[in-house]
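*Asks:* Attaching a predicted model along with its sequence, questions to come.
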Amino acid sequence: MQLLRAIFSHSSGRIGGAIVGLYIIIAILGLLGITPHDPLMQFRVDRLHAPDATYWMGTDLFGRDVASRLMLGISQSFIVAFASVALAAVAGIVLGLAAAWFGGWWDGTIMRFMDVLLAFPAILLALLIIAIVGPGTWTSVMAIAIVYTPIFTRVVRGPALSLKTRDFVDAARTFGSSRNYILTRHLMLNLVAPLTVQVTLALAWGLLTEAGLSFLGLGTQPPASSLGLMLADSRNLMEMAPWLLIFPGIAIMIGILGFNLLGDALRDILDPRTRRSAA
Amino acid sequence: MTSLLSVSNLRVGFGRKPEDNEIVHGVSFDLAAGETLAIVGESGSGKSVTALSINRLVDFGGGRILDGSIQFNRENGTMLDLAAAGEQELTKIRGGEIGMIFQEPMTSLNPVLTIGEQIEESFRLHRGLTGRQAREAAKDALDRVRIPDAARRLKYCPHQLSGGMLQRVMIATALSCNPRLLIADEPTTALDVTVQAQIMALLAELKRETGMGMIFITHDIGLVAGIADKVMVMQNGEAVEQGPLDAVLDAPQHPYTKHLLSAVPHFEAGRATRTDYRRADAPSAAPALKVEGLTVRFPVTGGLLRRQTGAVHAVDGVDFDLMPGETLGIVGESGSGKSTTARAILGLVEPTRGTFSANTNGAARQSGKPVQMVFQNPYASLNPRLRVDSILAEPVIAAGGGLKGETHARMRMLLDRVGLPENALQRYPHEFSGGQRQRLCIARALMLNPSVVVLDEAVSALDVSVQAKVLELLVDLQREFGLAYLFVSHDMAVVERIAHRIAVVYAGQIVEIGDAASVLSDPKHAYTKRLISAVPSVDRRKETFEVDTRQVPSLVRPLGFEPEPANWQSFGPDHMARAEA
C-alpha cells in the first residue's frame, strides 16, 4: 500500500503506474473473456468494418472485433513478457551472484558464456532458439528468457562485486554470518533498486520482442491473438483499414512507455536515500 | 604594507534559490602578502566554500556569491573585485595568480597522464612555454618541491608515486606560475603524519622563499599552530573568531574556539595517557587475546606463467597480548600493516602463519564470538537497506540465536548505553549522522557480548568534537563491560587518550611496544621518535620542520625471504624496542 501511494505521489510514476495498471486490468479481462465481442467470432457481414459504436476499433479481414482481439493480444503478450522476464531475472540473479561471490574460474566461465549470448542480436538469438525447438508460446518465453538472462547477470554481477568489498559485508563476516544470509540480506537487498529498474525495462523489451517474434510468425500461433500477430495480419491491409495497424501499434508503444516511466519512479522510491524527497 | 586580499561581508548560497540556502553568512578578513591565514572549522562550517569563493571555483559547484566583495591585489598593482569579475578574467587569475591545492592528491591528478605532462600544462597555459622549455620548467618545479631525481619522475604516472609525493606534485603545479596567493584546502588530511610534517615543512619553506600569501584550511587546530600567522575560526558559516595566532590559541574569546581547543584531543607526548588500568595490578589474569607470530603475506606473481616471484610481507611476526579491560593502541602509517593485523585477527584475511587465541573469560561471559570489530567508515559499514533493528540483530542471528525478547531488550539497552533514542530501531542508517552511525556500529559489535573489540581507525572519519565524545563513550563502555580494545589508528593524539599500551608498527613489524606513557614520552626506536616528532601540537608554534624525503621501505621480498628474528631491548618494566641494525 505504502509503495502504491509512493508511486502515485511521484510525477512520472503516476503516469507509468496508471498505464501499467490499466494494461493489467485489460489483460485480466481479456484472459477471462470479458470482451466486447468474442475475439474469435467472425462477423462475416461486417468484414473490415471501420471503428464505430458497435466495433470500437473496427473489424479485421475475417470480421473479428479488433478491440476484443487487442484485449486478448495484450493478455497474451503480457503472459509471455512476464514469464520470460521472471525466468531471466531468476537465472540472471543466480548466475550473477555466483559469478561475483565465487569469482575466479566461476566468474570467468559464467561471464564468457554470457558474452557469447550477448554477442548475438536479441531477435536473432531468439530466432535461432525457436528454429531449433519449433514455434509456440512457451518456446518464445524460453527464447526471450535466454536472450535477457545475460543482461540480468551483468546487472547483478557488477554491483554485487562492489557490494562484496563493502565494510558491512566484512562486518557481517566478523559476526560469522552465513553465506546465504550475506547474499540475501546484504547483496540482494541492495540490488533491489537496479533490479526493479531492470525488470521494468526488460518487461518493455519483452513486450517488444514477443511482438517481433509473433510478427514473424514464430511466437503466438493463430487463431490466438497477440499484438505482434495483429500487426502482421494488418500489413497488407494498411491502406484499406489503417485501424488494424494503428491500434495494436499504439498499444505496444504506450505499454512500453508505461513500463519505462514506472521503472524510473520505482528506482527513486525504492532507494531509502532518496525516499524522503520522493514521498 | 598593502593587503593582498581583502574579503568583506562575503555571503554565498547554493541551489536554485541561493538566498534561501545561504552557507556562508557574511565573512570578512584581510590577508597581507607573505602572511598565512588558517581557516579552522568542522565539516559543514563553510570553510571550504569561503576559500573556493576566492577563486570563484564555487560557481562550478552550484554556488553563487550573494553579497560582499573580494578585493584582490593583482600582479600589476590594480585591485580587482573577484566577486564581480568575469569568467575570462578569472581563468587567467586561477593558476596564474591564485594557486590551489586540494585534499586528495590521488584524485586531483589525471591517472592516465604522466606527472610531467600535467605540470607542463600549467606552464603552457599561463606562461606560453613549449616543448623543451616547458619540460625544463617542470623539472625545476619538481626540484623546488624537493622531489629527488626529478627528471626521471616526470615520466611517472600518478599511481607510481606515494600520496606524499603526489601532494608535492600538486604543490609544484600550483606554484608553477609563482602565484601571489596559495589556497590549500586540507592539503595533508589524507596523508600520514610523518608525510604531513614534510608537506607542512615544504609549504613553510616555499612561503619564505616566494613571499606569497597563503590560506590554509584545516579541521585540525593543532596543525595551525605550526604554520599560521592569523587564525579564523568558522562555525555554521560564520567567522566566530579571528586574530593573530597566539591571541586565538592562548586567549580564545568565543566559546566555540574554547570548545575546539579543549574538546579536541591534542597530542601531549605521553602526559595525557589513561591511568585507570595498570598491568602490574593484575599480574596473574589470563589475557583476553594472545597473538603469537602473526604473519600475513600476499603473493606477488610475475612473468608469463604467473609464477610467484615474491611476497608482500604485510605483517611479519607480530606478537602481543591483551588483558581484559586494557586498550592496546596500534599506531603506524598507512601500509605499515596495522589494519591487516586487525583484519587477520577477525578472520577477514587468511594469516600465513601464527596463532591467536581469544579467551572468553571462563563461564562468566557467554559470547558467540569473543572478538568483534568496529570499522573506520561508519557510512560504509552499515547496510543502507536494513533497518537498525535488523542491523543489530544480525550478529545474534549469525550466532544462531533467534529474535527473542531478550535480543530486543539487549538492543534497547545497548542503544541507550551508546546514547541513541529507542525509536532509532525503526530507522534506517542514512537518517543518522556520522557520529551516531559509529555509535550504532559500536552497539552492534557489543550485541554478542564480546571480550575483545577491534577498533580499526574507529574515530578517524569523524569530526573532531564528535571524536572526543565517541572516545569518552568507548572508555565508559570499556569500564562497564570489562572490554579489551585493540585500537588501530594513525592519529597519535587519539591513541594517547585511549590506550594503556602502545605498539608501534613499521613495515609490517612491531618496532616498539610498551605502556603508553613511556612509549610516548620516551620513544626509543628511531621510527617512533620520527613519528612522535611529526605530530602537530598547539604547543609547537612556528615550528621549522625539516624536509626529509625518506620513503617507507618496500615490503615486497623475494620468495623464501625470512626476516631476522627480532632482537628486543628492554627499557623498563613494560617497554621494549627492536634493536636497530
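*Replies:* Cool, the structure landed. Residues are numbered from 1 along each chain as shown, chains lettered A, B, ... in the order given.
*Asks:* Settle this for me: residue A:49 is touching residue A:64, isn't it.
*Replies:* No - Residue A:49 is beyond contact range of residue A:64, at 10.3 Å (criterion: C-beta atoms under 8 Å). Where C-beta positions appear, they are placed from N, C-alpha and C, glycine not excepted.
*Asks:* quick one, which of the two is more surrounded?
*Replies:* Neighbour totals were compared for residue A:49 and residue A:64, and residue A:64 leads with 22 against 18 (other C-beta atoms under 10 Å in any protein chain shown).
*Asks:* what separates that one from residue A:46, distance-wise?
*Replies:* 10 Å (C-beta to C-beta, to the nearest Å).
*Asks:* Show me what whichever residue of the stretch 451-581 of chain B sits closest to chain A is bridged to.
*Replies:* Nearest residue of the stretch 451-581 of chain B to chain A (C-beta to the nearest C-beta) works out as residue B:454 at 8.4 Å. Applying DSSP bridges to residue B:454 gives these bridge partners: residue B:373, residue B:486.
*Asks:* My guess is it contacts residue B:345. True?
*Replies:* Yes - with contact defined as C-beta under 8 Å, residue B:454 counts as touching residue B:345 (6.2 Å).
*Asks:* Mutual contacts of those two, please.
*Replies:* B:371, B:486 (C-beta atoms under 8 Å, 6 or more residues apart in numbering or on different chains).
*Asks:* quick one, which of those two is more surrounded?
*Replies:* residue B:454 (27 against 23).
*Asks:* Residues that sit against both of residue A:49 and residue A:64, list them.
*Replies:* Counting by C-beta under 8 Å, 6+ apart, the residues touching both residue A:49 and residue A:64 are residue A:43.
*Asks:* Can you give me the end-to-end span of stretch B:563-577?
*Replies:* Terminal residues of stretch B:563-577 are spaced 16 Å apart (C-alpha to C-alpha, to the nearest Å).
*Asks:* and that stretch, which residues are buried?
*Replies:* Residues of stretch B:563-577 classed as buried: B:566, B:571, B:574-577 (neighbour count, 16 or more other C-beta atoms under 10 Å in any protein chain shown).
*Asks:* and chain A, which residues reach chain B?
*Replies:* Residues of chain A found near chain B (C-beta under 8 Å from any C-beta of the partner chain) are A:166-168, A:170-178, A:181, A:185-186, A:189-190, A:192, A:272-273.
*Asks:* Of those, grab the buried ones for ChimeraX.
*Replies:* Selection command for ChimeraX covering only the buried members of those, criterion 16+ other C-beta under 10 Å:
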select /A:166,167,168,170,171,172,173,174,175,177,185,186,189,190,272
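*Asks:* among the residues of chain A next to chain B, which are in helices?
*Replies:* Under the assignment DSSP state H, the residues of chain A next to chain B contribute A:167-168, A:170-175, A:181, A:189-190, A:192, A:272-273 to helices.
*Asks:* and those residues as a markdown table, adding distance to residue A:28?
*Replies:* Output for those, formatted as a markdown table (distance: C-beta to C-beta, whole Å):
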| residue | distance to residue A:28 |
| --- | --- |
| A:167 | 46 |
| A:168 | 41 |
| A:170 | 47 |
| A:171 | 45 |
| A:172 | 42 |
| A:173 | 46 |
| A:174 | 49 |
| A:175 | 46 |
| A:181 | 37 |
| A:189 | 31 |
| A:190 | 33 |
| A:192 | 26 |
| A:272 | 32 |
| A:273 | 35 |
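*Asks:* can you pull out the helices in the stretch 351-500 of chain B?
*Replies:* In the stretch 351-500 of chain B, the segments counted as helices under DSSP state H, counting those that start in this stretch are B:388-398, B:405-417, B:434-446, B:464-481, B:492-498.
*Asks:* Now render those helices as JSON lines, adding distance to chain A, mean neighbour count and mean pLDDT.
*Replies:* Output for the helices of the stretch 351-500 of chain B, formatted as JSON lines (distance: least, C-beta to the nearest C-beta, whole Å; neighbours: other C-beta atoms under 10 Å in any protein chain shown; pLDDT from 0 to 100):
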{"stretch": "helix B:388-398", "distance to chain A": "4", "mean neighbour count": "21", "mean pLDDT": "86"}
{"stretch": "helix B:405-417", "distance to chain A": "14", "mean neighbour count": "16", "mean pLDDT": "86"}
{"stretch": "helix B:434-446", "distance to chain A": "7", "mean neighbour count": "24", "mean pLDDT": "88"}
{"stretch": "helix B:464-481", "distance to chain A": "17", "mean neighbour count": "18", "mean pLDDT": "86"}
{"stretch": "helix B:492-498", "distance to chain A": "20", "mean neighbour count": "24", "mean pLDDT": "84"}
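*Asks:* Residue B:4: what secondary structure?
*Replies:* The three-state label for residue B:4, taken from DSSP: H, G, I helix; E, B strand; the rest coil, comes out as strand.
*Asks:* cool, and the one 5 residues further on?
*Replies:* State at residue B:9, reduced to three classes by three-state DSSP: strand.
*Asks:* Make sure it is actually in contact with residue B:29.
*Replies:* No - if you go by C-beta under 8 Å, residue B:9 and residue B:29 don't touch, sitting 10.7 Å apart.
*Asks:* what about these two, which has more around it?
*Replies:* More neighbours surround residue B:29 than the other of residue B:9 and residue B:29, with 18 against 11 (other C-beta under 10 Å).
*Asks:* The more buried one belongs to a helix?
*Replies:* No - Residue B:29: not assigned to a helix; according to three-state DSSP it is strand.
*Asks:* And it, how close does it get to chain A?
*Replies:* According to C-beta to the nearest C-beta, to the nearest Å, residue B:29 and chain A sit 36 Å apart.
*Asks:* Helices of the stretch 1-150 of chain A, start to end?
*Replies:* A:2-9, A:11-32, A:66-102, A:104-119, A:122-133, A:137-164.
*Asks:* I'd like the average pLDDT over the shortest one.
*Replies:* Computed over helix A:2-9, the mean pLDDT rounds to 76.
*Asks:* buried residues in that helix?
*Replies:* In helix A:2-9, counting by 16+ other C-beta under 10 Å, buried: A:6-7.
*Asks:* Any idea which of the helices of the stretch 351-500 of chain B gets closest to residue B:131?
*Replies:* For the helices of the stretch 351-500 of chain B, the distance to residue B:131 is smallest for helix B:492-498, at 47.2 Å, taking C-beta to C-beta.
*Asks:* residues making contact with the helix or strand immediately after that closest one in the chain?
*Replies:* Where DSSP states H and E defines the elements, the next helix or strand beyond helix B:492-498 is strand B:501-506. Here strand B:501-506 makes contact (C-beta under 8 Å, 6+ apart) with B:279, B:318, B:320, B:326-333, B:336-338, B:341, B:495, B:510-516, B:519-520, B:523, B:525, B:527-528, B:531, B:574.
*Asks:* Which ones among these map onto strands?
*Replies:* Counting by DSSP state E, the contacts of strand B:501-506 place B:318, B:320, B:327-331, B:510-515 in strands.
*Asks:* For the stretch 151-300 of chain B, just list every one of the helices.
*Replies:* B:163-174, B:193-210, B:221-227, B:245-250, B:255-263.
*Asks:* Tell me which of those is the most buried.
*Replies:* helix B:163-174 (a mean of 25; mean count of other C-beta atoms under 10 Å in any protein chain shown).
*Asks:* Contacts made by that helix with the rest, please.
*Replies:* For helix B:163-174, using C-beta under 8 Å, 6+ apart, the contacting residues are B:95, B:99-102, B:105-106, B:108-109, B:115, B:118-119, B:122, B:138, B:141-142, B:144-147, B:153, B:158, B:161, B:182, B:187-188, B:190-192, B:195, B:198-199, B:202-203, B:206, B:334.
*Asks:* Need the buried ones from those residues selected in ChimeraX.
*Replies:* To isolate the buried ones among those in ChimeraX, judged by 16+ other C-beta under 10 Å, type:
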select /B:95,99,100,101,102,105,108,109,115,118,119,122,138,141,142,144,145,146,147,153,158,161,182,187,188,190,191,192,195,198,199,202,203,206,334
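*Asks:* Up against chain A, what does the stretch 101-250 of chain B have?
*Replies:* So the stretch 101-250 of chain B never meets chain A (C-beta under 8 Å from any C-beta).
*Asks:* Okay, now the unreliable bits of chain A?
*Replies:* Applying pLDDT under 70 to chain A flags residues A:1-2, A:271-279.
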